[in-house]
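K.L.:
Here's a sequence, model it:
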Amino acid sequence: MPGALAGRLADAVGGTALTPPLPLVAELAGLFGFAVDGADDAAEDAVKAVAAVGVWMGTRVASRAAAGVLTPADVRVVGVALALAAYPAVNDVADAAGDAVERWRNAAVTWLQLPFKVTGTVRDAPLVEDAVYAQLAPGGRALVDAARVLDDATEDVFKTLCLAAHWRVGSVLRDHYWFWLTGSAGGRGSRGHALGYVLGVGVPASQYSLCNDYGDMLGDVLQVLLTHPVVGGVTARTGSGPKA
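P.N.:
Just a heads-up that it's a prediction; the model follows:
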């Protein structure tokens, strides 16, 4: 009888998520999912954020040191140029950090038997295969290299905007949830603040993977569009080319 009941309950549940889609509950689940499933991407973004802050602080210091020689606008232009030049190297370091965190994440998922997939630490295959890249002229290779940088930059910019938008939504919920629950403007105690920050942080955290995946897709589309003029001809001659 218990076995038959369990089977019928499993049929009743089907593919429905067991976490109730309720305020606070869903955000707590989103925070847990982010901590487990988005740790590697968060590590990559943290490296890039540290680099961005370093460029910003360096620009401020250089602006004061170059007072009377360069205008603040000139210093900012130099800072942006240096940031763009360093971006590929920073991106490689960020990828290495993400791979390292992913290995720890996989070990934790396996050890704790969490309901998350163990993912591969090898980066996705390039859209332009190495065999095709090797046959391109120097100008074509330069275009592919630039397109790969723009691919990563597009992903990062979209993810930043996407998470900022969700952070704003979470902040609005955090600021007004107590009034919605109680009809009063109270709830400024420690518990009120704690529950509010669950909403404020949980909303963007629960959407982190989706923002990341969509930004990755946009970057890939841009890379394909930019490289097709030089890669398409090689694809037609060799029968190999960008992977789907």
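K.L.:
Distance from the host helix or strand of V36 to the middle of the chain?
P.N.:
Secondary structure from DSSP states H and E places V36 in helix 25-37. Put simply, helix 25-37 sits 15 Å off its chain's centre (Cα atoms, centre = their mean, to the nearest Å).
K.L.:
what's that helix packed up against?
P.N.:
Where contact means 3 or more Cβ pairs under 8 Å, 6 or more residues apart in numbering; DSSP states H and E, helix 25-37 is packed against helix 72-112, helix 190-206, helix 208-238. (Each C-beta comes from the backbone N, C-alpha and C, glycine too.)
K.L.:
average pLDDT for the lengthiest helix in the chain?
P.N.:
The longest helix of the chain (DSSP state H) is helix 138-182. For helix 138-182, mean pLDDT rounds to 82.
K.L.:
Same question for stretch 36-45.
P.N.:
Rounded mean pLDDT across stretch 36-45 is 82.
K.L.:
Pull out the buried positions in that stretch.
P.N.:
Within stretch 36-45, the residues that count as buried by 16 or more other Cβ atoms under 10 Å are D37, G38, D40, D41, A42, A43, E44, D45.
K.L.:
The last one contacts E155, doesn't it?
P.N.:
Spelled out, that is D45. No. When contacts are counted by Cβ atoms under 8 Å, D45 is not listed as touching E155 (10.3 Å).
K.L.:
remind me which residues of this structure are low pLDDT?
P.N.:
Low-confidence segments of the chain, defined by pLDDT under 70: 1-24, 67, 114-125, 175, 177-196, 233, 235-244.
K.L.:
how does it divide up, domain by domain?
P.N.:
Domain assignment of the chain by automatic domain parsing yields the ranges 21-123, 125-244.
K.L.:
Tell me the helices and strands packed up against the longest helix of the chain.
P.N.:
Helix 138-182 packs on helix 39-65, helix 72-112, helix 190-206, helix 208-238, going by 3+ Cβ pairs under 8 Å, 6+ apart.
K.L.:
now the ones you listed as a markdown table including distance to A165?
P.N.:
Below are these laid out as a markdown table (distance: least, Cβ to Cβ, whole Å):
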| stretch | distance to A165 |
| --- | --- |
| helix 39-65 | 16 |
| helix 72-112 | 23 |
| helix 190-206 | 8 |
| helix 208-238 | 9 |
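K.L.:
Just say which of the ones you listed is most tucked in.
P.N.:
Counting by mean count of other Cβ atoms under 10 Å, helix 190-206 has the highest mean neighbour count of the helices and strands packed on helix 138-182, with a mean of 18.
K.L.:
Which helix or strand contains L70?
P.N.:
Counting by DSSP H and E, L70 is part of no helix or strand.
K.L.:
Any figure for the gap between S206 and G170?
P.N.:
9 Å (Cβ to Cβ, to the nearest Å).
K.L.:
same thing with G202?
P.N.:
Applying Cβ to Cβ, the value for G202 to G170 is 7 Å.
K.L.:
Which residues are in contact with each of the two?
P.N.:
Listed as contacting both G202 and G170 by Cβ atoms under 8 Å, 6 or more residues apart in numbering are E27.
K.L.:
what angle sits between the longest helix of the chain and helix 208-238?
P.N.:
160 degrees (axes from the mean of the first three to the mean of the last three Cα atoms, to 10 degrees).
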